[in-house]
Structures are given as C-alpha cells and as structure tokens.
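[1] Sequence and predicted structure below; questions after.
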Amino acid sequence: MTYIIIGGSSGLGRALAEKFAAQGCELVLVSRDARDTGALAADLTIRHGVAVTPVAMDLAGSPLPFDALDSVLGNHAPLKGLLLPAGVNDDADKVGLSAEKLAFLSRVNYLAPCELLNHYLPLLEKNSGVIIGFGSVATARGRSRNAAYAAAKNALASYFQSLAHYAAGRGISCQYYVLGYLDTNLAFSQTLLFPSASPGRVADAVYRNRFRNGRFFLPRPWYILYRIVQLLPWAVFRRLTF
Amino acid sequence: MSSGLVRETRFTTFDGTLSLTTAHQRPDRFCHLESPDPTRHRIPRGGGYAYSAASFGESSLVQDLTCFNRFLAFDAATLTLKLEAGVRLIELMEWALPRNLYFPVLPGYPLITLGGCVAADVHGKNPYKDGTFSDWVKQLTLFHPQKGYITCSATEHPELFAMTCGGYGLTGVITTLTLQLTELPAPALTLSRYSVANPAAAVDTLSTHGTDIAYSWHDATPGAHFGRGIVFSGRWSQCLKQPASLKFRPMTATSRARLPFSAWNGVTARIANAAVLLHGRYKHDNPETGVLDTAFPFASNVYFHKLFGRPGLRETQFLVSEVNIGACLEAVQKLICDTRAPTMMLSLKRFRGRQTALSMSGTGWLLALDCYRNERTDAFLGQLDELLLAMGGQVNLSKDSRVSQDIAAHTVAGLAEFKRYLFAYDRERIMRSELSDRLGLS
C-alpha cells in the first residue's frame, strides 16, 4: 500500500518516511525542494527496497499542482494513507504580522493541508485509508508569540474534528497528533524548557497507532502541560513570556 | 520562516585538550546548508572524533553534516555506492554486510562519518594491504559557499580531488562521495595473537605475515618491561554462522570526559598493560570474530579512553620509513625510559599509501603513542617532535592536537603544496578551523 507524506524530507516527516518504508510501505514524498526528497527517496529505496517517489510541491502556492502528484500515484500500489507533518513557523510571528506573512502561514499550516485532504478523501474512502494530521502544543492557548501559526494549527485541528465526524462509519481512520518538543532542526536552535523527543520514537508511535481514531498527544506527558496552560488563571497567564 | 537555526555550542576535541564555544548549525536540508552568508567563515563537522580541532574553530560557523546521511545510488555491476558525507561507518557496514559487500578501510570507531574519513584520509587495520580511505573514493561532491557545488574525481578537477582527500574540510563541505566496495571475502575473521618481546620483534613478525588484519600493541610505560606486546593477525574465516551484530553505547568527546580526573598514571597504566599482556598470552586464537567487532575494537571497549577523564590524553601518530624504523624504535624507547615519559601504549602498523594534501601517507611504519597528561607530557612530546624531525617522519594531524606550524612544515609532506593550492583556490579562505589557524592556512 502507498502512503503520501507531505513535508517528508526532514524532521518528523523524514522519520515517518523511514519508519513506513522500513515496514515495507510504498511512499510518495512531497516537499518544496526536490533535492531533499530525491535524496531521501533514493536512500529508502536502497536501504529498504521499497518504491519511493519524490514530488516537489510548494504548499504556499495556490492552487496546488495536483497533476504531478496524481500522475506518480498511478505507478504505485493503491493509496492507503495521507500523512501531513508539514508546517512552518516564523520568528516574526507575533500579533500584528504583515498580511503577506499571515497569508503564508495560514496557507501552509491550514489551507494547503485541507486542500490535499479534500482532494484525496474520495480515494482514501474507497481504500479504507488513513489520514493523519499534526498540530502543536503551541496551540494550547493563544499568546503573543506564534499567533498566526497557532491560529492556523487550531483551525486544522478543528477541520480534523469535522473530518472525524464525516469519516465515522465510512471506513476511514482519522488521527490528529498534538506534538510537544521534537528534536528537529527547529528545536536545535532554541533554548527549550523541556527535553525534546526523538522524531523516530514519535514515528514509531504513529505507525503503531495508524488505524486508530482520535486526538493524541506525543510525547504523552505534554497533555498535562497542555491542560495546565489552558487552565491557568488569566492573571497568571498574561504575565508569561514563553 | 524560521531563520534561527544556529546555536552556540561548546566543542571539545576527542582527546579533551582543547575546547571552545562557537556558532553551530545542523542543516537537514540543502537550503539550510546554503543559507549562511557566503562570506561567513565556516568548517564542516562529522562525528566529532578527531583528536585535533579540525572541525571547529574560533569564529567559524560549524556545519554539522550528520543529517546528510542518505544512501544515494548503488551500482551492482561496479560495486560503487554513492552516499552523503554524514553517513557513519556503522551505517555503511550494516547495509553492506547482509548484501555480502565490504569496505576495507575502517578506522576504529563506528560513528565516524564518511566525510570525516575523506577529510583526514584515515586508515584501517592493515594499511599496507588496503591503503588509505581516499584510495577507495571514486568521486566527491563539494559545496563551497562562493563556488557552489563541484564534482571532482581522479579525472574531473583532479587537483581539487587530491587536495580534498586529506584536506580537513578546507576546500569545502563534502556533501556526497562515491565509494568502491568489494565483495565480502568471508562472513567472519579469525584473529590470532602473538606475544612479542619488543616493537622491533613486532616489526619482524608483521613484515612476514601477509594477513588481512595486521597491527601490534605494546606496553609503553618506561622501565625494563617497555615494549612487550601482542601482534594481532587476522584472516578471513569461512565459518558457518555469522557472528552477532555489534552492540555498543555511543561515546562522544563529552561522554568520554565524564570522569573528573584521569585514572591513568604510572602505576595504573603498568597494571592495566600487564593485564592486557596476560590476557593475550592465554587467549591465542579467537575463532570467528565478527567483522564489526574486529573493525571497531573501541566500540565495546570504551574504558581505555574514558579513564583518561576530563584532563584528557595526548596521542601522537607518525609514519617512519622502512629504513629508519629500527633506529626510530630504539630512539623512542631511549627517550621514554630516560625521561620517565607518561606514555601508556604504543601501536605499530605497516603502511602503504599515496600522500595527498595534509594526509599522513606513504610507505613505511606507523607508530602511535598514547600518553596520559601530567606536567611532563608536553615536554616529552616536544622532544619526540625533535626525534621525528631527525627521522624524517610524517605526523598525523588528526591525531595530534598540538602540532605547531613550524613542526608541521617539516613533518607534513604536502603542506607547502597544499597551502599554495588553497590560497589560489579560495583567496578569502572561507573554510577555517583551529587546525587551519594553527598551521597558518587561514
């Protein structure tokens, strides 16, 4: 069976690609830079002997060029899943962000994943497929930093709730992961309050649970922190600078 | 998009003698590798196992290539494999062995990256038979921030290729390399041990053994017992069952130095060496040793390095011609015994290779000496430098963190030519490290 991984060249996307390929799944890897996905596709084919096709696609573009993606799917086994670990944030993302950047963050983190999901929904419904989305603990409560990113990811989480409602009884598995700190390039450059989890371990959990439905926190202890942040009295929360 | 992909990191040489804090980037995609200002000084870094500061330097951005670790193409007809420079030796071997493929030049630690192996032109367990790492490199791709991507090989930009093999990352960031693999001769090795009374006897034994693995280990503590040792001689073995895969816990420069003091001194070094000799005397043959266990002896045996603790160790490696090895061994023994040097172990390998760039290579004998650190260590190594000059030896820059510009000028065969090439190739000298600063190459 074939899985499409959007943002499958680095970080969690790469870890998911490595996990699914190691389990014998065929893959279509989508990222902005064909050099990255091309190299990873070659690697997975050589190491695991599975068919992996790279596709270059910029999620910031509209409309999304589905033709290229659709045509490579014809060379693969039937589509079984769509994984959406793509996302982007911006150091300048604060309340008052320019319209251009606001549109960019909304497009990449919310609109483009929804368009992809809508496009492949009929095929996934036919194949009793899997849809897996990814959000962030940054969405626990709106704050002055990551304002547009958190809003877009919250919108995506809400869309996944709607999708779960739609998918019930239609044979589609629908999951949404709220992720804590991961040891990706983004975390590498930041001073973090808590240890970051290995993307490989998260990918293991995602693969293991791929046929379940619902919203999950990874790593799990982040649920406690997420709830604490949500329940903090406003008088305390407004003083926080994280 | 986030541009904050650089952090400040404190880097330490594997021997623990030099540390400094500098900017650190770990690119995991091409646009990140290319993103820093093209005029910014930088140096690539692999696993971080060099004893000298070849992969970091004052005010140089360190570009850590460990995420560039993908296998790119394999040609089954020619047995050539194209990989990214951040692939580690263990990843290469774990892929190759089940496919009955082998790579002959394997330095002693499995987490060293292939890019690092090219940059230092490392050697394996029998350089006399297998040569050095660069002998097995068919092609390289370099990224230079002001020149872009350049492919080089023995036929395409041959001079750049020669200056990159053993060039310590100073010609650019190696992004990909194509290696020549061989068929795996057999699933395991039989490793034999022979006790010898002194290094000269080891030279005789190693000269006559045409084996696949060949090196010796000696007690180098000063005294009457100086030089007693073991010759390790390995041959491929057609055993029925392939030994289990290598199990080890990764050791880094930081984890190596967790012990706040050095446990090695004149007494403990002597006791440990006596124990090794005793063990070697009663364990003559070890049939069917795994390929990985033989290739990476320091993976599962980390205590030797860890017990040097935070003060670290000093290692020096040098190559001496076949003509001079006898006199050199005598002089080294006299120097160690006369000065009561803080030496611990000595190792010998017969060597054959092609000297390029800053590499230590050629025909002769490789002598490695490990010292614990005390107030006599640097004085002793200074005297050893004089001896090396007198013997016309070549020093291994990746194993010795204190070689001065003056000593290097006489003991690094290709230094003058490399410097001339480097300053013509890259006038602004974008690629810089502590090693290049120390040798006047910045």
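    Ah, there it is. Numbering: from 1, shown residues only, chains lettered A, B, ... in the order given.

[2] any idea how far chain B is from the spatially most central residue of chain A?
    Nearest to the mean C-alpha position of chain A, by Cα atoms, centre = their mean, lies A:Pro85 at 1.9 Å. Note on A:Pro85: its distance to chain B, by Cβ to the nearest Cβ, to the nearest Å, is 14 Å. Backbone N, C-alpha and C define where each C-beta goes, glycine included.

[3] what secondary structure does B:Leu366 sit in?
    strand (DSSP: H, G, I helix; E, B strand; the rest coil).

[4] What backbone torsions are found at the residue nearest to A:Val88 when sequence neighbours are not counted?
    Setting aside the residues directly before and after it, A:Val88 is nearest to A:Val108 in space (Cβ to Cβ, 6 or more residues apart in numbering or on different chains), at 4.8 Å. Dihedral angles of A:Val108 (phi, psi; degrees, to the nearest 10) stand at phi -70, psi -40.

[5] do B:Leu140 as well
    The phi/psi pair for B:Leu140 (degrees, to the nearest 10) is phi -130, psi 150.

[6] Can you name the residues that contact it?
    B:118, B:151-153, B:161, B:164-165, B:174, B:176-178 (Cβ atoms under 8 Å, 6 or more residues apart in numbering or on different chains).

[7] Mind putting those residues into a markdown table with secondary structure?
    Formatted as a markdown table, the contacts of B:Leu140 follow (three-state DSSP):
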| residue | secondary structure |
| --- | --- |
| B:Val118 | helix |
| B:Thr151 | strand |
| B:Cys152 | strand |
| B:Ser153 | strand |
| B:Phe161 | helix |
| B:Thr164 | helix |
| B:Cys165 | coil |
| B:Ile174 | strand |
| B:Thr176 | strand |
| B:Leu177 | strand |
| B:Thr178 | strand |
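
[8] neighbour-wise, which of these leads?
    When neighbours are counted by other Cβ atoms under 10 Å in any protein chain shown, B:Ile174 leads those with 30 neighbours.

[9] That one touches B:Gly115, doesn't it?
    Yes. Proximity of B:Ile174 to B:Gly115 meets the contact threshold set by Cβ atoms under 8 Å, at 4.4 Å.

[10] Spit out the residues that contact these two alike.
    B:44, B:65, B:85.

[11] Nearest to B:Glu288, out of those residues: which one, please.
    B:Ala85 (33.5 Å; Cβ to Cβ).

[12] Go ahead and confirm the closest one touches B:Arg45.
    No. Between B:Ala85 and B:Arg45 there is no contact under Cβ under 8 Å: 10.5 Å.

[13] Where do the strands of chain A begin and end?
    A:2-6, A:26-31, A:52-56, A:79-84, A:130-136, A:173-179, A:214-218 (DSSP state E).

[14] Let me have those strands in JSON lines, extended by mean pLDDT and mean neighbour count.
    Below are the strands of chain A laid out as JSON lines (pLDDT from 0 to 100; neighbours: other Cβ atoms under 10 Å in any protein chain shown):
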{"stretch": "strand A:2-6", "mean pLDDT": "98", "mean neighbour count": "25"}
{"stretch": "strand A:26-31", "mean pLDDT": "98", "mean neighbour count": "26"}
{"stretch": "strand A:52-56", "mean pLDDT": "97", "mean neighbour count": "22"}
{"stretch": "strand A:79-84", "mean pLDDT": "98", "mean neighbour count": "23"}
{"stretch": "strand A:130-136", "mean pLDDT": "96", "mean neighbour count": "24"}
{"stretch": "strand A:173-179", "mean pLDDT": "96", "mean neighbour count": "22"}
{"stretch": "strand A:214-218", "mean pLDDT": "94", "mean neighbour count": "17"}
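
[15] In the chain, what helix or strand scores lowest on average pLDDT?
    Using chain A here. Least confident helix or strand, chain A: helix A:185-188 with a mean of 84, by mean pLDDT, DSSP states H and E.

[16] right idea, wrong chain: chain B
    strand B:285-290 (a mean of 73).

[17] So what touches the next helix or strand after it?
    Of the helices and strands lying after strand B:285-290 in sequence (DSSP states H and E), the nearest is helix B:291-295. With contacts defined as Cβ under 8 Å, 6+ apart, helix B:291-295 is touched by B:89-90, B:93, B:97, B:102, B:106, B:108, B:110, B:124-125, B:184, B:187-189, B:191, B:213, B:234, B:243, B:245-246, B:299-300.
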